[in-house]
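# Predicted model and sequence follow; I will ask about them next.
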Amino acid sequence: MKKQWHKIMDGVWRLRLGVPEALTPVKLRRVPMAERNLSAAGLTGNPRPHFAADRVIFKTTRRGCLAMLPLGKEEAVYGFGLQLSSFQQNGRKKTIRVNSDPRGDLGDSHAPVPFYLSTRGYGILADTARYCSFYCGSHADPPHGIGVTTEELYRSGKTEDSFTALDVPTASGIDLYYFAGPTMKEALQRYVLFSGGGAMPPEWGLGIFYRGYSPNDQKATAELAAAIREDHIPCDVFGLEPGWQSHSYSCSYLWDRKRFPAPEQLIGHLHDSNFRINLWEQMFVHPSSPLYRKLEKYSGDVKVWNGLVPDYTLDTPRRIFGEFQNKELIQKGIDGFKVDECDHSDFIRVAWSFPEYSMFPGGMDGEQMHGFLGIYAQQILSEQYLRNNRRTWSNVRASHALGAPYPFVLYSDLYDHRDFIRGVVTSSLSGLLWTPEVRQCANAEELLRRLQSVIFSPMALINSWMLKNPPWKQYDIERNNAGVPLDDGGELQEKCRKILQLRMRLLPYLYAAFYRYFESGIPVFRPPVLEFPHMESFRGTDDAYFVGDDLYFAPMIAGEQSRKVFLPPGEWHDFFDGNKIWQGNCEYEFSPAPEEILLFVRCGALLPLAAPEEFVSGRTVYQITPHAYGRADRYCCRLFADDGESWELLQKPDCGMTLEFRAEDKVCRISAGKHARTERYRIHEVKCMGTGTIPRKLS
Ligand code: GAL
């Protein structure tokens, strides 16, 4: 049969090769494509693939099937979901296998996605949940025949055009989806819109998340929450770890009434103190759960922690599980979940989770189900919130293709800080969200550095499940749990509070940036290569990134005395001292003290900075002082002014507000959409930053 591109939506094309599988991410999708957003996203026309369909080589093999796609020598390739160990993927082999304990940089991760993006300005999705492998130009022929010297032998094939080979086990065909640019950023936007659009948080989702000590009972939970308020640490969400349940590994989904005798009271009390509540759970159903009997016949043939693994490909178990969660937890005031261990691990001594040879009644085997379980958790729970006209901002430990629309942020038990920072940008490039969560630390500097990076991520999460007391009281786990506080007169706590307050100051800015993600698929936290795909200096940059359009953040890691930052083109102000201006397109070396943050503001930006709230609610009125940076005639920025948590207003296209500031004025001119709740923002006089200074250049 002749190979042909088939149009799916403007700029998105499908190439059907052989006979594809029946159970794939696209075929089982539940969220429709956000095609209606194409024009709001600025994506016009119907760009075609840059290579003809018949340039793709396809074969069925004894292993399954193989597709080979052209890869130009100038192309740099990114993607494959959350990748903690590497960024640019040329020359590597990546296997898309859900695993929480990856060994080596082989592709395994909590959220691998069979999707890649190229600086040539396109993206490719392979529609399979199989453990497929991409060979990103790694098996091209050596450029000049066989070499004899070591250098010749190991020289990469990068100087020649080559191919990306995709090996899909067991399948006799595959659908490939092509996302056109013309830029890499537009290709990513098309992928996110094809997935259903970007996830939109409630406003409170952008506040601070604190997860309490797992063994805490009701009383200790309430006391810890009260202490956070007494210390004036900003906090919007309080998370309860496994200890809330009568059985957690696997789950009963019932409160442990011995330790939590009156959960309704605790929920009421936490809500009254302006906390949202997040509960830890798994997808594995324990025999003591009222769901067990109902789900038994719809489950796979292997149990995990003695619990069922229901097959949520099927409607009945999906309804049973979803309705229970809704009635018993969501409607009783639970605002979000942390869905743990829906990934997999078989590289550790005790291989928990179901093996690949498991069989499920809907037709999947364990290999496919590993690709789907995290997606199912996100689908089922977010559908229930939607039903209640509420938004959530939750956690999940696994995701896969088409994960973009789900309001779930990935996290991990791993903890390398450098890798955690890389996760922010790699996840963005596949339409996913990731938090480099903060736990215990070796010293005060590490705590500060980790907090600085977590506030510049989709979820500012302090996961103290192993710590009795907040880490700023004592970062060392043993001393913390032995009740030995730091002897610093609260100095570290004060420094940490300031960092968390910075997140709260940026909340309206971030909220507007997330609305843009929701609408147009442009990720909030994005690596510079997405903006400047042809700048060689950015091709490997995975340790500094844009935060919205106007901020550029360069995280530091404890122990580093200094770091280099290559600033993007333009001029950049120091966020903390607006009078310091740096010429972009140059590299600098900075040596900030542990409490100092390398944060740059684009010259010409208008930043809607808020007075930091300790928490936000629909009643919050943000006190905004717009900051205008550098010399310009006109500055402007957007705010998104809805009620902050329902779906209803979100669907209305005109909740936006534009602030415009002209150099001759003192205040902003405000224009607002018909449905904008302008009363949510009080706009104060503009502060001009660094207007009189001339950009400087350091050697
Ligand atoms: C882990 C999870 C941690 C914590 C812990 C509780 O699997 O990654 O964040 O929730 O379980 O037992």
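Arrived safely, thanks for sending.

# number of nearby residues for residue 224?
When neighbours are defined as other Cβ atoms under 10 Å, residue 224 has 18 of them. All C-beta atoms are positioned from the backbone trio N, CA, C, and that covers glycine.

# Would you mind listing the buried residues in the longest helix seen in the chain?
Counting residues, the longest helix found in the chain (DSSP state H) is helix 366-387. Buried residues in helix 366-387, counted by 16 or more other Cβ atoms under 10 Å: 366-382, 384-385.

# elements contacting it?
helix 315-325, strand 336-339, strand 394-396, strand 408-410 (3 or more Cβ pairs under 8 Å, 6 or more residues apart in numbering; DSSP states H and E).

# hmm, it touching the ligand?
No - judged by Cβ under 6 Å from any ligand atom, helix 366-387 and the ligand are separated, with a smallest distance of 13.1 Å.

# Please state the mean pLDDT value computed over that helix.
On average, the pLDDT along helix 366-387 is 98.

# And the helices in the stretch 551-699 of the chain, which stretches?
Along the stretch 551-699 of the chain, counting by DSSP state H, counting those that start in this stretch, no stretch forms helices.

# Spit out the contact partners of residue 243.
By Cβ atoms under 8 Å, 6 or more residues apart in numbering, the contact set of residue 243 is 214, 215, 216, 217, 256, 259.

# and of those, the nearest to the ligand?
Here the nearest of the contacts of residue 243 to the ligand, counting by Cβ to the nearest ligand atom, is residue 214; it sits at 5.6 Å.

# Can you classify the closest one by secondary structure?
coil (DSSP: H, G, I helix; E, B strand; the rest coil).

# Now do the contacts for it.
241, 242, 243, 465, 466.

# can we see that at 6 Å?
By Cβ atoms under 6 Å, 6 or more residues apart in numbering, the residues touching residue 214 are 241, 242, 243, 465.

# when you check the ligand, which of the residues you listed turn up near it?
Near the ligand, by the rule Cβ under 6 Å from any ligand atom, you find 241, 242, 465 out of the contacts of residue 214.

# lowest average confidence, helix or strand, in this structure?
The weakest-scoring helix or strand in the chain, judged by mean pLDDT, DSSP states H and E, is helix 150-154 (a mean of 64).

# Next SSE downstream of that one?
Toward the C-terminus, helix 150-154 is succeeded by strand 162-169 as the next helix or strand (DSSP states H and E).

# Could you check the angle that following strand makes with helix 366-387?
Angle of strand 162-169 versus helix 366-387, following axes from the mean of the first three to the mean of the last three Cα atoms, to 10 degrees, is 90 degrees.

# helices and strands around the helix or strand just after strand 162-169, which ones?
Scanning forward in sequence from strand 162-169 by DSSP H and E, the next helix or strand is strand 172-180. Strand 172-180 sits against strand 12-19, strand 122-126, helix 184-195, with contacts defined as 3 or more Cβ pairs under 6 Å, 6 or more residues apart in numbering; DSSP states H and E.

# what secondary structure does the closest residue to residue 83 other than its chain neighbours sit in?
Computed as Cβ to Cβ, 6 or more residues apart in numbering, the closest residue to residue 83 that is not its neighbour in sequence is residue 426, at 4.3 Å. Here residue 426 is recorded as helix under three-state DSSP.
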